[in-house]
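Engineer: starting from these lines, generate the structure:
(chains A and B)
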Amino acid sequence: MHENQQSPLFRLSGVSKSYTMGEVVVDALKGVTLDIFSGELAVMLGASGSGKSTLLNIIGGLDVASRGEIFFHGKELTASTELELTSYRRHAVGFVFQFYNLIASLTALENVQLVTEIADDPMLPEEALGLVGLENRMNHFPSQLSGGEQQRVAIARAVAKRPEILLCDEPTGALDFQTGKLVLEVLEKVNRELQTTVILITHNAAIAGMADRVIRMRSGEVYEDHRNAQRRPPSELEW
Amino acid sequence: MVAGKHRTLLTRKLLRELWHHRAQMVAVGAVVACGIAVFVSMSSVRYSLEATRAEYYSRYRFADVFMQLKRAPEYYRKTVARIPGVASVSTRIVADVTLDVPGLEEPATGRLISLPDYGNAPILNDLYIKSGRSLQPGSDNEVIASQPFLEANGLRPGDRLRAVINGHMKELRIVGMGLSPEYVYEVQPGAFFPDNKHFGVFWMGRRSLESALDMSGAFNDLSLTLSHNGHEDDVVSELDRLFKRYGSLGAYGRSDQLSNRFLSDEIKQVGIQISFLPSIFLAVGIFLINIVLARIVAVQRPEIAVLKAMGFSNRTIALHYLFFALTPAILGSIVGSVLGAWLGKGLMGIYGDFYNFAHPLYYFRFQEVVIAVVLSVSSAMLGAFGAVRRVVQLPPAEAMRSEAPKLYRPGIFDRAEIQKHVPVSVRIIIRNLERRPWKAALSVMMIASAVAILIAGRYTYDAVERMTEVEFTEKHREDLTLLFNDSMPVSVASTVGSYKGVLEHEYYRDEPVTLHSRHRSRRQTVRGLASGGGLQRLIDSNGRRHALPPEGLLMTTELARILSVVPGDTVEVEFLLGSQHRRSVAVAGTLDEILGLSAYMDIKSLHRLAGDGGAVNGAFLRIDTSRARALYSEFKAMPGVGGIMMLKALKKSFDDLIAESMLTSTLILTIFACVLAFAVIYNGARISLSERARELSSLRVLGLTKKEISVILLGEQAVLTLFAIPPGFLAGIGLSVLLALSLSSELYRLPLVFNSYNFLFSFIVVVSVSVVSGFAIRRRLIRLDLIEVLKTRE
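Structural biologist: Numbering: from 1, shown residues only, chains lettered A, B, ... in the order given. Got it, this is the predicted structure:
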C-alpha cells in the first residue's frame, strides 16, 4: 500500500559495514536493502550484535557505510561530507538513547532549548515538554529527575526540532516496566500526532506490537520485514 | 607465586596506562622538572660559590681584619702582633695611581700593592700567579697585574705601561698575571660595578713602592688574621685606638671588605632563590597530580572494583595508583637534576666571569639529587593523597556502580535575569564553572602562578635596567670623575676648570666620619656637594629629584634606618681625619637611593663643620668630546690624581656583564613559566575533555558542529585563563615585591618598577600557550567517537 502510494523517505540499498577490530574484520552489516516510509512507526528487533544499532547509526548520520547507498529524500547520504552530515542531524534527525544523554548542567527546558536554538522551524521548548507530560518539571536539572522523566526530556529534546525521523536506540532499556511503557506511549503519541517517522530498536519482542512495521535482524542481515495488521496501544503491551 | 604474577600484571597495566596518559604525565613531569632544575642549579651554585670561596680564601690566606691609614711606622707591626687574638699581621703600601695604558685613549686607574721583597710570598692575601712569573728580587719596575685588567685591555706579561706615581711618570713592566682573594670582585673604590678596562690591581716590590712614594719604614695598609680565640670586635677597637693618630679610617672585618661583601651578598641572594621558585613549581605540581590522578581514579572505578573483587589488597591497589603520581615525579626529578646540573654549570660559568676566582669549580653533589627526589616524591604523595584515599575507601560493590550523577542546583547565575538572554552554550560554560568553584579556583590559581612567575622573572630585569638608568643617566651628568690622591685645598684644585675642553666642573668632598646616634654608630663617608651644582643629582629610586638642604645631613633611608633616626633628629659626626673632633648635625632629610648607603651635605656647610677652611677630594667634569683625547693625555700626567672614573665605560661594562647574565636568567625563567602555563592549561582541558566527552558527543549527535562544541569546551578554558590574569598580575607584583625585599642589601635596593610592557608580555605568553593547548585539545575533540561514547553508561 505505502510502497505504491509514495516514494520512500529512506532508500537503503546493499548497505554493508565492516569494522576492523585489531586484526579481525567484523562484518556488522551485510548488504541491507530497505525502504522506510514517512510516518511509519517501525520496530527493529534483534539480539545484541545483530547489527540493528549499526544500521540505526548509519541512518542517523553518526556512522558511514562501508559499501552500498542510502538516499534520504532522494539525496545520497553516503556521499555527504562531515559538515553535511552534521547539518542533516541538526535539522532532520532526532535521537533517543538508552542512557538519555542529557546535559547535566542544563535544566530540562534548557536541554530542549539547546536544540530549538539551532533548528530552523522548532516548536516552543515548553510545547515539546508538554507533549511528553513534563510541563511541571521544566526547571529541574537531570539529577533531580527520575529515569523515566529524563528519557521523556530526551524525547522532547529530540522532537522539538520537528525532525523527519526519530531514531530510538533501546529507549526503555534502562527503565522498569511501568516507566518503560510510559515512554513508549510518548513515542507513539509523537508518531501519531506529529506524523514523525519513528524507528525504534529493541531486543524486547513484546514492543513489536505497537509498530506499523516490524523488521527483524540477525547477523547483519534483515531476515524478516512484515506489517502488523493493527497497532496495539503501548499500555496493552506485556513483557 | 600468584602474588608475584599479579604484580607483574599490574605493572603492565600501569605501564600501558602511563603510556596512554603520556601527554599529561609529561606535563606533570615537566613542571616538577622545572622546579627541581631551579632548585638543583641554585643550590649547587650556592654550594660551589661557597666552596670555591672557602678554598680560595684559605689557600691564599685571605685576612680577617683590614685597615687603611695615612702612614704609620713599620715597627707598629710588632705592636699589632702582640694584640691578644691576632695570629699573623701583614703591612703593605697601597696607592692608587693614574695609568697610561697602550692602546687605551682614556686614562685608567691602577691600584698598586706592595709585595715583600726578595721574592717571598706575602704572609697574608697571597697571589695566584696564573701566567708569567713572580717579581725578581730587587727589580725596580716589575709588576704583576690582575687578570681581568690584562684581559680587558688585551695585554700580556711582557707588555709595558706607564703610571704617574707621586707626580713622576714611571714605566712598569708586566711580568705576571695574577689574582687575589682580596679582589674577587674587582671594582674601583667608589664604584659599584667593575670596569676592568679602566681599573686594575698591580703588585709591585715593596722597596720600589717605598721609594716612589717616600714611604720607607712606614706602611699605610694593614691586614691580619685572628687566632682561634680571637674576637674581631676586640681587635678592631684596639686597632682603632692604636692608629687613630695615624690617619686610620677604622679597621673592619671581612664582612665589610668590599669584594667579600659583594660576593657574600650574591651567595645570600642565590640562597633566597633556592626556596622561592621551586616551591611555586612544586606546589603547582602537587595540584596537577591531584587533579590528574583524581580523574584517572574516577574513570577507573569499575576496574578498581574488579581488582578488589578479585582479592587484591587495598595496599596493592593504592600503591598501583600512587605510581601514577610517583612516575612523573621521579622522572621529572631526574630530568630536572640533569637540567639543573647543566644550568648550574652554565650559571657558575657566568659567575666565574663576574667574580675572579683562582680556581672556580662547579660542584654537583649527589646530595642535591637525593634532596630533589625526596622533594618531588613527597610532593607527588601529597598530591596523590586524596585520590588514593578514595581508592582505598571505595567498597567493591559501590565501585561497580557508576559514580553518582553530577548534581546541579540553581546557582547565583540562575537567579540573575540576564541568564535568559545568554545562549545555551554559554550557560553550560557558566554552570560548569559555578558547579565546582573550588576546581575553577584551583585552575585559576595555577594559571595565575605562571603569570606571576613571568612577571617576577621580567621584573628583576626591569629593576636592574631602571637602576642603570637612574645611576648612569639621571643621577650623573658628568662624563668623568677625577679622584684626588689626597684631599687638597680648593685653591690648588681649582686649576681643573682651566683646562681647555672642560665645559663644567664641580668639586666634591668625601669625608670619612663615624656617625653616632645614641648607642648606634656607623662608619660612613659624608659627601659634600656644591649646592647649586647639577652634575651629580640626588635621585631616589622612583626617579624623583631631591634638593640638597643648605644645612644638615641628607641621608639615604637605609642609613637612617640603621642609625634609627628620622628627619629632625640630631646625629654626632666624628671626623676620622684632621682635627678628629665631634660635632652635632641635624638630619635634614632622607632619600631612598638605589645604590649603597650615603650621607650628603652642602659642601660649604661640610667645610664649616670640618673647620679646616675647605678641602676637596675630587671633581666631576663634563667635557667637550672633541677635546677628549687631548684632555685625557693631560689628565694622565696630572699629579695628585689617583684615579679617573669614566661613566660611559662603567655603563658599558655593566651592560656587558650584568645585563647579559640577567637576560639569560630571565629567559630561562620565561621558558619555565611557559612550561608551567602549558602544563596547567593543557591538563585542565584534557581533564575537562575526559569528564565531558559524553556530553560533548551528545551535543554532536544533536547536530552541533565541531566548532560549536569546541567553543563550549575551550570557552571554559578561555574563561579560566582570562580570570587568572588579574590575580596573576597581582601575585606577580607581590612576588616581585618579595623578591625586591629579599634581594635588597645595603649595597643596593631593587627599585619597584612595573612596565606595562611586562604585563602585556605575560598576557600574550599565557594567551598563546592557551591557544596552542587549545589546538592540541581540538585535535582530540574532532576525533571524538560519537557512537562509542553514547553506547556506554557514564
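Engineer: now A:Asp27: phi and psi?
Structural biologist: The phi/psi pair for A:Asp27 (degrees, to the nearest 10) reads phi -90, psi 100.
Engineer: for chain B, what's the nearest residue on chain A?
Structural biologist: A:Arg90 (2.7 Å; CB to the nearest CB). Bear in mind the C-beta positions are built from the backbone N, C-alpha and C, glycine included.
Engineer: name the helix or strand for that residue, please.
Structural biologist: Using DSSP states H and E, A:Arg90 falls within helix A:82-91.
Engineer: so what's the spatially most central residue of chain A bridging to?
Structural biologist: For chain A, A:Leu167 is the residue whose C-alpha lies nearest the centre (CA atoms, centre = their mean; 1.0 Å). When bridges are called by DSSP bridges, A:Leu167 pairs up with A:Phe95, A:Ile199.
Engineer: show me which residues of chain A sit near chain B.
Structural biologist: Within chain A, the positions lying close to chain B (CB under 8 Å from any CB of the partner chain) are A:53, A:57, A:60, A:62-63, A:83, A:86-87, A:89-91, A:93, A:95, A:97, A:99, A:101-106, A:110, A:113-115, A:117-118, A:139, A:141-143, A:157, A:161.
Engineer: now, of these, which are buried?
Structural biologist: With neighbours counted by 16 or more other CB atoms under 10 Å in any protein chain shown, these contain buried members at A:53, A:57, A:60, A:62-63, A:86, A:89-91, A:93, A:95, A:97, A:99, A:101-106, A:110, A:113-115, A:118, A:141-142, A:157, A:161.
Engineer: among the residues you listed, which are located in strands?
Structural biologist: A:Val93, A:Phe95 (DSSP state E).
Engineer: any low-confidence regions in chain A?
Structural biologist: A:1-5 (pLDDT under 70).
Engineer: grab the longest helix from it for me.
Structural biologist: helix A:177-194 (DSSP state H).
Engineer: packing partners for that one?
Structural biologist: strand A:41-45, helix A:125-131, helix A:147-159, strand A:165-169, strand A:197-202 (3 or more CB pairs under 8 Å, 6 or more residues apart in numbering or on different chains; DSSP states H and E).
Engineer: nearest to B:Pro489, of these?
Structural biologist: helix A:125-131 (98.7 Å; CB to CB).
Engineer: for the closest one, buried residues please.
Structural biologist: Neighbour-count burial for helix A:125-131, counted by 16+ other CB under 10 Å, picks out A:Pro125, A:Glu126, A:Ala128, A:Leu129, A:Leu131.
Engineer: surely the residue nearest to the centre of chain A touches A:Val96?
Structural biologist: Yes - when contacts are counted by CB atoms under 8 Å, A:Leu167 is listed as touching A:Val96 (7.2 Å).
Engineer: so A:Leu124 touches A:Gln113, yeah?
Structural biologist: No - contact criterion CB under 8 Å: A:Leu124 and A:Gln113 do not qualify, at 9.7 Å.
Engineer: coming back round to it: what sits up against the longest helix of chain A?
Structural biologist: A:39, A:41, A:96, A:131-133, A:146-148, A:151-152, A:155, A:159, A:162, A:166, A:168, A:171-172, A:175, A:196-198, A:200, A:207, A:210, A:231, A:233-235, A:237, A:239 (CB atoms under 8 Å, 6 or more residues apart in numbering or on different chains).
Engineer: now, of those residues, which are buried?
Structural biologist: A:39, A:41, A:96, A:131-132, A:147-148, A:151-152, A:155, A:159, A:162, A:166, A:168, A:171-172, A:175, A:196-198, A:200, A:207, A:210, A:234, A:237.
Engineer: now residue 151: closest residue in space that isn't a chain neighbour?
Structural biologist: No chain was given, so I picked chain A. Using CB to CB, 6 or more residues apart in numbering or on different chains and skipping the chain neighbours, the partner closest in space to A:Gln151 is A:Val183 (5.0 Å).
Engineer: you answered for a different chain; I wanted chain B.
Structural biologist: In space, and not counting its chain neighbours, B:Glu151 is closest to B:Asn196: 7.2 Å by CB to CB, 6+ apart.
Engineer: so for stretch B:46-63, mean pLDDT?
Structural biologist: Here stretch B:46-63 scores 95 as its mean pLDDT.
Engineer: swap in stretch B:634-645?
Structural biologist: Rounded mean pLDDT across stretch B:634-645 is 80.
Engineer: now do that stretch: distance to the chain's middle.
Structural biologist: Averaging C-alpha positions (CA atoms, centre = their mean, to the nearest Å) puts stretch B:634-645 35 Å from its chain's average.
Engineer: what residues does it touch?
Structural biologist: Contacts for stretch B:634-645 (CB under 8 Å, 6+ apart): B:95-100, B:106-109, B:162, B:164, B:166-167, B:169, B:188-191, B:195, B:198-199, B:480-486, B:488, B:492, B:499.
Engineer: selecting buried members of those in PyMOL, what would you type?
Structural biologist: Only the buried entries of the contacts of stretch B:634-645 go into this PyMOL selection, using 16+ other CB under 10 Å:
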select buried, chain B and resi 95+96+97+98+99+100+106+107+108+109+162+164+166+188+191+195+198+199+480+481+482+483+484+485+488+499
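Engineer: so of the contacts of stretch B:634-645, which ones are in strands?
Structural biologist: Short answer: the contacts of stretch B:634-645 in strands (DSSP E) are B:95-100, B:108-109, B:162, B:164, B:169, B:199, B:480-486, B:488.
Engineer: give the next helix or strand downstream of the helix or strand where B:Trp19 lies.
Structural biologist: For B:Trp19, the enclosing helix or strand under DSSP H and E is helix B:2-20. Next helix or strand after helix B:2-20 toward the C-terminus (DSSP H and E): helix B:22-59.
Engineer: can you point out the buried residues in that next one?
Structural biologist: Quick answer for helix B:22-59 (16+ other CB under 10 Å): B:24-50, B:52-53, B:56-57.
Engineer: residue contacts, the closest residue to A:Asn204 other than its chain neighbours?
Structural biologist: Nearest non-adjacent residue to A:Asn204, counting by CB to CB, 6+ apart: A:Trp239, 5.8 Å away. Contact partners of A:Trp239, counting by CB under 8 Å, 6+ apart, are A:Phe177, A:Asn204, A:Ala206, A:Ile207.
Engineer: now do the same for A:Trp239: helix, strand or coil?
Structural biologist: Three-state call for A:Trp239 (DSSP: H, G, I helix; E, B strand; the rest coil): coil.
Engineer: what about it, distance to B:Leu781?
Structural biologist: Using CB to CB, to the nearest Å, A:Trp239 is found at 40 Å from B:Leu781.
Engineer: next one: B:Tyr362
Structural biologist: Applying CB to CB, the value for B:Tyr362 to B:Leu781 is 47 Å.
Engineer: could you do B:Ser146 as well?
Structural biologist: Distance, B:Ser146 to B:Leu781, using CB to CB: 64 Å.
Engineer: more neighbours: which of the two?
Structural biologist: Counted by other CB atoms under 10 Å in any protein chain shown, B:Ser146 and B:Leu781 do not tie: B:Ser146 has more neighbours, with 26 against 20.
Engineer: packing partners of the host helix or strand of B:Ser237?
Structural biologist: Assigning secondary structure by DSSP H and E places B:Ser237 in helix B:232-243. Counting contacts by 3+ CB pairs under 8 Å, 6+ apart, helix B:232-243 is packed against strand B:65-73, helix B:76-81, strand B:218-226, strand B:252-253.
Engineer: and the contacts of the last one?
Structural biologist: Same thing as strand B:252-253. Under the criterion CB under 8 Å, 6+ apart, residues B:Asp64, B:Val65, B:Phe66, B:Met67, B:Glu232, B:Val236, B:Arg523 lie in contact with strand B:252-253.
Engineer: any idea how far it is from the chain center?
Structural biologist: Counting by CA atoms, centre = their mean, strand B:252-253 comes out at 25 Å from the chain centroid.
Engineer: within its sheet, name the partner strands of that strand and how each one runs.
Structural biologist: Sheet partners assigned to strand B:252-253 using DSSP bridges are listed as strand B:65-73 (antiparallel).
Engineer: could you check the angle the partner strand makes with strand B:480-489?
Structural biologist: Interaxial angle of strand B:65-73 relative to strand B:480-489 (axes from the mean of the first three to the mean of the last three CA atoms, to 10 degrees): 50 degrees.
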